[in-house]
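1. what follows is a predicted structure for the sequence shown.
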Amino acid sequence: MIGQMPDAFAQEMLELAVQMAADASKIALDGVGQVAVDRKADNSVVTETDHAIQARILESIAEAHPEHAVCAEEVIGRPEAHRPPDEARYCWVVDPLDGTRNYTEGLLCFSTAIAVLDRGVPIVAVVREHNLGHLYTAVRGGGATLNGRSVRADDRPDGADLLLAIPSSKDSHAVRVIHEWAPTRGLILRNFGSTALHLGMVASGALSAAFSTRAKIWDIAAGVLLVEEAGGSITDPDGRSVVPFNLSADFSGDLPFLAGSPRAHKRLLQTVRTG
């Protein structure tokens, strides 16, 4: 069954993901202010650091688990080293540098996100914010942690102020929601420039909720598990489950979501619906 796996196997996958995130941290911090910036086809920024981190992580996965698939934000240099995502039971989903725009501007808030999917369902998750050294981890059925300590989504009582993460995108759906939230008393808006980090913060209780309209699978695969294992809720804007992920789909497709503590999610869902 999905998610039912030997403890030793889960621990091995988690330890590998944690080590790869630590390697990513060294690469990222060594390159701050020293790497060339380029533009991708969608006009988003990318750096040598994005490529270097991804290459290191995918090399480690291929060496440890050649029978596994990978899905990653940047172009995969050696696709032949991995199984295709729709042919393998396990697929690693990697966002090498979430917050590249922050990175290029010297705004020191960026992270690496790594998840392992079992037939499209996240079973291991790691998000590491590199500047503060915050390490969020989760194993399905084993809870979520921040720097080794168990965390829970902060289910504040009705009427309490809510700290909400909003997206950077300016599409009509995002703008409509932000315009509704911004003047509402008790809703306090934040954006840290890293969707994976937003979800880690929901899991740890630092944020009550996070919303996005144009997230990709690598932005949220780890965060989905973190939020769920911390007792939170994450759905698409119409209340439907975001998992299992379709590993036969076009990975460039948008995966909008609302994540939050149970009370916050229930309160905000009506404000983000697409219909």
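-> Done, it's in.
2. show me where the stretch 101-250 of the chain has its strands.
-> Assigned strands in the stretch 101-250 of the chain, in chain order: 111-118, 121-129, 134-139, 144-146, 149-151, 162-165, 187-190, 209-212, 233-235 (criterion: DSSP state E, counting those that start in this stretch).
3. relative to strand 134-139, how tilted is the first one?
-> Strand 111-118 runs at 0 degrees relative to strand 134-139, counting by axes from the mean of the first three to the mean of the last three CA atoms, to 10 degrees.
4. try the longest one
-> Counting by the same axes, to 10 degrees, strand 121-129 points 170 degrees away from the direction of strand 134-139.
5. could we number from 56 for the rest of this?
-> Taking 56 as the first residue, the last one we looked at is strand 176-184.
6. my read: residue 221 touches residue 262, true?
-> No. Contact criterion CB atoms under 8 Å: residue 221 and residue 262 do not qualify, at 10.5 Å. Every residue, glycine included, has its C-beta placed from N, CA and C.
7. distance of residue 75 relative to residue 187?
-> 19 Å (CB to CB, to the nearest Å).
8. skip the chain neighbours and tell me the closest residue to residue 224.
-> residue 269 (4.6 Å; CB to CB, 6 or more residues apart in numbering).
9. related to what we said a few turns ago, please tabulate the strands of the stretch 156-305 of the chain in TSV, including the columns mean neighbour count, mean pLDDT and distance to residue 105.
-> Formatted as TSV, the strands of the stretch 156-305 of the chain follow (neighbours: other CB atoms under 10 Å; pLDDT from 0 to 100; distance: least, CB to CB, whole Å):
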stretch	mean neighbour count	mean pLDDT	distance to residue 105
strand 166-173	29	98	10
strand 176-184	27	97	15
strand 189-194	24	98	20
strand 199-201	21	98	25
strand 204-206	15	98	28
strand 217-220	23	98	22
strand 242-245	15	98	24
strand 264-267	28	98	20
strand 288-290	21	98	25
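10. buried stuff in the helix or strand of the chain with the lowest mean pLDDT?
-> Ranked by mean pLDDT, DSSP states H and E, the weakest helix or strand in the chain is strand 92-94, scoring a mean of 89. In terms of neighbour count (16 or more other CB atoms under 10 Å), strand 92-94 has no buried residues at all.
11. contact partners of it?
-> Residues from elsewhere that reach strand 92-94 (CB atoms under 8 Å, 6 or more residues apart in numbering): 100, 101, 102, 159.
12. how close does the residue nearest to residue 224 sit to residue 230?
-> Going from residue 269 to residue 230 by CB to CB gives 12 Å.
13. returning to that earlier point: check the contacts of strand 92-94 against residue 170 and report the nearest one.
-> Each of the contacts of strand 92-94 was scored against residue 170 by CB to CB, and residue 101 proved nearest at 20.7 Å.
14. the closest one reaches residue 129, doesn't it?
-> Yes. In this structure residue 101 lies within contact range of residue 129 using CB under 8 Å: 6.8 Å.
15. which of residue 75 and residue 187 has more residues huddled nearby?
-> It is residue 75, of residue 75 and residue 187, that has more neighbours when counted by other CB atoms under 10 Å, with 25 against 12.
16. isn't that one up against residue 169?
-> Yes. Assessed by CB under 8 Å, residue 75 is found in contact with residue 169 at 6.1 Å.
17. need the overlap of contacts for the two.
-> Common neighbours of residue 75 and residue 169 (CB under 8 Å, 6+ apart) are 112, 181.
18. for stretch 73-91, buried residues please.
-> So for stretch 73-91, counting by 16+ other CB under 10 Å, buried means 73, 75, 76, 79, 80, 82, 83, 86, 90.
19. ignore the last one, stretch 111-123
-> 111, 112, 113, 115, 116, 117, 120, 123.
20. I'd like those residues laid out as TSV, including distance to residue 279, secondary structure and pLDDT.
-> Putting the buried residues of stretch 111-123 into TSV (distance: CB to CB, whole Å; DSSP: H, G, I helix; E, B strand; the rest coil; pLDDT from 0 to 100) gives the following:
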residue	distance to residue 279	secondary structure	pLDDT
111	24	helix	98
112	19	helix	98
113	21	helix	98
115	23	helix	98
116	20	helix	98
117	24	helix	98
120	21	coil	97
123	19	coil	98
